[in-house]
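Chemist: sequence-free structure coming up:
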């Protein structure tokens, strides 16, 4: 059974073709890395009997991980005096972010967390996992889970 087309998957495919036509080697190699990571996850999904492949939210999760890896690599390269390699990582980050929704600002994060805490009736740190799960599923790729965790904690520890 073929993998189901999703808007994000289609956009990545179209951008790959555009990069090929434009002979944009950096963009093309980054898009191919994204496609390879998605295919890898699709194969794992088939092993779990999900023949339709992964969803856009799972693709966003992959993209978030890729950005985080590249941020860490860029910092390592800068710390070790390799600015040209750090610049390459930063270029890849900007290409990957083209496919991600605009991240929430800190104020928006606080508003979202406050609303989720209020809606769920969460009152103590025991409920933190429930709130974090909702944030991860509803705002995949748009929220920094580390910062969100601190905000959730501050809301629940009042």
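Modeler: Thanks, I have it. Just so it is clear, the model here is predicted, and its values are computed rather than measured. Numbers count the residues shown, from 1 in each chain.

Chemist: quick one: the helices in the protein?
Modeler: Shown for the chain, the helices assigned by DSSP state H span residues 7-22, 25-47, 56-79, 83-97, 106-120, 128-138, 145-156.

Chemist: hmm, who's touching the first one?
Modeler: It stands for helix 7-22. 3, 27-28, 31-32, 34-35, 38, 56, 59-60, 98-99 (C-beta atoms under 8 Å, 6 or more residues apart in numbering). C-beta: built from backbone N, CA, C; applies to glycine.

Chemist: now the residues you listed in JSON lines, with pLDDT?
Modeler: Formatted as JSON lines, the contacts of helix 7-22 follow (pLDDT from 0 to 100):
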{"residue": "3", "pLDDT": "66"}
{"residue": "27", "pLDDT": "97"}
{"residue": "28", "pLDDT": "97"}
{"residue": "31", "pLDDT": "97"}
{"residue": "32", "pLDDT": "97"}
{"residue": "34", "pLDDT": "97"}
{"residue": "35", "pLDDT": "96"}
{"residue": "38", "pLDDT": "95"}
{"residue": "56", "pLDDT": "86"}
{"residue": "59", "pLDDT": "91"}
{"residue": "60", "pLDDT": "87"}
{"residue": "98", "pLDDT": "93"}
{"residue": "99", "pLDDT": "93"}
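
Chemist: hmm, which of the residues you listed are the buried ones?
Modeler: 3, 27-28, 31, 34, 38, 59-60, 99 (16 or more other C-beta atoms under 10 Å).

Chemist: out of these, who's nearest residue 115?
Modeler: residue 60 (20.9 Å; C-beta to C-beta).

Chemist: okay, now the unreliable bits of this structure?
Modeler: The model of the chain has pLDDT under 70 over residues 1-4, 158.

Chemist: quick check: domain ranges of the chain?
Modeler: 7-97, 106-156 (automatic domain parsing).

Chemist: got the end-to-end distance for stretch 136-156?
Modeler: 18 Å (C-alpha to C-alpha, to the nearest Å).

Chemist: for that stretch, which positions count as buried?
Modeler: In stretch 136-156, counting by 16+ other C-beta under 10 Å, buried: 139-144, 148, 151-152, 155-156.

Chemist: tell me which two of those sit farthest apart.
Modeler: Taking C-beta to C-beta, no two of the buried residues of stretch 136-156 sit farther apart than 141 and 156, at 24.2 Å.
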